[in-house]
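Peer 1: attaching a predicted model along with its sequence, questions to come.
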Amino acid sequence: MTKLAYWPAVPFAPALAAMISTAALAQPAPTSNYTSFEATAGKPVQLGYYATANKNCMPAPLPTIRVIEAPKSGTLIVRRGELTLNNVAGCAGLKIPAQIAFYRARAAATGADRLVYEVTTANGQVSTYDVTIAIKEAPLAPHPPDAGSRPL
């Protein structure tokens, strides 16, 4: 299992981070989230992490992530990980499984990309994420000096 700490931090990660759930009496209204990220071609960018826990500090089933509109210049990658929380009252050091969403632009991609995905929790709460990505070119790797040349 991959721990969240192993992935690079991003400036903003929308999330349902450890939402404490109860049995749903009525179907909750869906929520929509609009956000944008900057990505470098060929490198993953973390879009968000999604997890839920019950009031008794036990993990709830993992949320489901469904692609509504696939990106055209890259890929949406969903991996399982673990989320550790210290800010949930009565649940110090809570560790719960999470779904972590990443976007990776193809190596030669530049410009803009867009994707839409939906996250559904075990209690039926649905959130839609409409994400715009600004793709930058990957920097060129420096060339090593020729083995036969000498500095002047």
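Peer 2: Right, received. Where do you want to start?
Peer 1: and the contacts of whichever strand or helix holds L83?
Peer 2: For L83, the element it lies in under DSSP states H and E is strand 74-85. The contact list for strand 74-85 (Cβ atoms under 8 Å, 6 or more residues apart in numbering) reads 1-4, 7, 17-18, 39, 44, 47, 49, 51, 62, 65, 67, 70, 91, 93-106, 109, 113, 115, 117, 133, 135. C-beta here means a position set from N, CA and C on the backbone, and glycine is covered the same way.
Peer 1: among those residues, which lie within strands?
Peer 2: 2-3, 17-18, 39, 44, 47, 49, 51, 65, 67, 94-105, 113, 115, 117, 133, 135 (DSSP state E).
Peer 1: just the buried members of those?
Peer 2: 17-18, 39, 44, 47, 49, 51, 65, 94, 96-105, 113, 115, 117, 133, 135 (16 or more other Cβ atoms under 10 Å).
Peer 1: so who does Y103 touch?
Peer 2: Per Cβ under 8 Å, 6+ apart, neighbours of Y103: 37, 39, 44-45, 47, 71, 74-77, 113, 115, 131, 133.
Peer 1: and what of I68?
Peer 2: 116-118, 128.
Peer 1: any idea how far G42 is from it?
Peer 2: 25 Å (Cβ to Cβ, to the nearest Å).
Peer 1: and what of V67?
Peer 2: V67 is 21 Å from G42, by Cβ to Cβ.
Peer 1: again with K55
Peer 2: Applying Cβ to Cβ, the value for K55 to G42 is 43 Å.
Peer 1: more neighbours: which of those two?
Peer 2: G42 (15 against 12; other Cβ atoms under 10 Å).
Peer 1: show me what contacts the closest residue to that one other than its chain neighbours?
Peer 2: Counting by Cβ to Cβ, 6 or more residues apart in numbering, G42 lies nearest to A107, which is 4.2 Å off, once chain neighbours are set aside. The contact partners of A107, by Cβ under 8 Å, 6+ apart, come to 41-42, 138.
Peer 1: now those residues as CSV including distance to N33?
Peer 2: Below are the contacts of A107 laid out as CSV (distance: Cβ to Cβ, whole Å):
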residue, distance to N33
A41, 25
G42, 26
A138, 28
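Peer 1: return the subset of those lying in helices.
Peer 2: Among the contacts of A107, DSSP state H puts none in helices.
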